[in-house]
Structures are given as structure tokens and as C-alpha cells.
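Undergrad: can't give you the sequence, but here's the structure:
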């Protein structure tokens with residue numbers, strides 16, 4: 001009987017904890033202030049400072065105040081997030097977006113870093129393999145046959161000292 005009460009207690013505690021976590025994460029999800037913050041972090045200031053619109057902090061910025069007011073006006077008018085972003089792109093161009101879109105030529109901006117990394121990794125692997133292929137002990141032995149006796153003796157001394165069959 002006691003284990004049943006204990007089990008029931010823990011089940012209800014887990015349910016209450018899960019509910020509390022869900023409520024905490026859903027708070028502010030549709031709040032206008034959180035939407036405003038989310039959107040102004042997805043846009044760039046057009047004054048040339050290369051800052052996110054919501055974080056443009058240089059003194060006397062001629063554009064950030066008007067752009068933030070446009071954003072507030074769009075939110076108050078009940079426009080959706082994509083509609084607001086589209087209106088900014090229509091007015092200022094695609095450069096106003098903080099991240100490139102996933103369509104058309106902008107897709108290159110997402111793919112290029114990974115492609116360059118893969119190409120560099122492949123080139124490094126091929127270069128290392130090329131350096132290591134053909135340097136077998138037999139080729140090292142053939143190289144020593146063409147050496148003068150003093151050089152051959154020095155090579156042998158190095159081989160004995162290092163315990164290696166070659167360089």
C-alpha cells in the first residue's frame with residue numbers, strides 16, 4: 001500500500017514538473033515583445049555598420065530608429081513574420097536579411113563553407129598519401145646505393161641511432 005502511494009506521488013510530481021517546464025517554454029511565444037526581438041535579430045541595419053538591427057549601437061545611426069519603427073508598425077498592423085521580412089526585403093533588398101535564404105543562389109552561402117572544408121580535407125589526404133607512397137625501405141636502400149661512401153656511412157649511423165629503416 002505504501003509503495004502504491006509513493007508511486008502515485010512520484011508520477012504526479014513528474015507530471016507537475018513537465019507541466020511547469022512546458023508553461024515556462026511557452027510563455028512569451030506569441031508575445032509582441034518577443035516577436036519584435038526575434039525579428040529585429042533576423043534583420044541587419046542598413047547604415048553600413050554590419051550590425052544586427054536590434055543591436056546597432058553606434059551613435060547617431062540614421063537608419064536603425066526608422067527601421068525599428070517600421071518593424072513595430074508591421075507588428076501592430078498584425079502582419080506575420082514572413083510578411084514583415086518580405087516587406088523589408090522589398091524596400092531595402094536582400095542585404096537586410098541577417099542570414100541568407102535557402103533558395104536559389106543564396107543556397108551557395110550555406111553550402112560553400114562545407115564544400116571548401118571537404119575539398120581541403122580531400123586535398124590534404126591526397127597530399128599525405130602521395131608523400132607516403134613510394135617511400136618504402138626498398139627505395140631508401142636504392143637511394144643509399146647512389147651515395148658516396150661518407151654519406152652512406154653517415155646514413156647508416158643515423159639508422160643505427162634511431163633504430164629506423166630510413167628517414
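TA: Alright, I've got the coordinates. These numbers come from a predicted model, not from an experiment. Numbers count the residues shown, from 1 in each chain.

Undergrad: how many neighbours does the closest residue to residue 43 other than its chain neighbours have?
TA: In space, and not counting its chain neighbours, residue 43 is closest to residue 53: 4.2 Å by C-beta to C-beta, 6 or more residues apart in numbering. In this view, the C-beta of every residue, glycine as well, is placed from N, C-alpha and C. If you count neighbours by other C-beta atoms under 10 Å, residue 53 ends up with 24.

Undergrad: Residue 53 touches residue 68, doesn't it?
TA: Yes - look at residue 53 against residue 68 with C-beta atoms under 8 Å: they come within range, at 6.8 Å.

Undergrad: Need the residues touching each of those two.
TA: residue 40 (C-beta atoms under 8 Å, 6 or more residues apart in numbering).

Undergrad: residues in contact with the residue nearest to residue 43?
TA: Neighbouring residues of residue 53 by C-beta under 8 Å, 6+ apart: 40-41, 43-45, 64, 67-68, 71, 98.

Undergrad: Closest to residue 16 out of those residues?
TA: residue 41 (33.4 Å; C-beta to C-beta).
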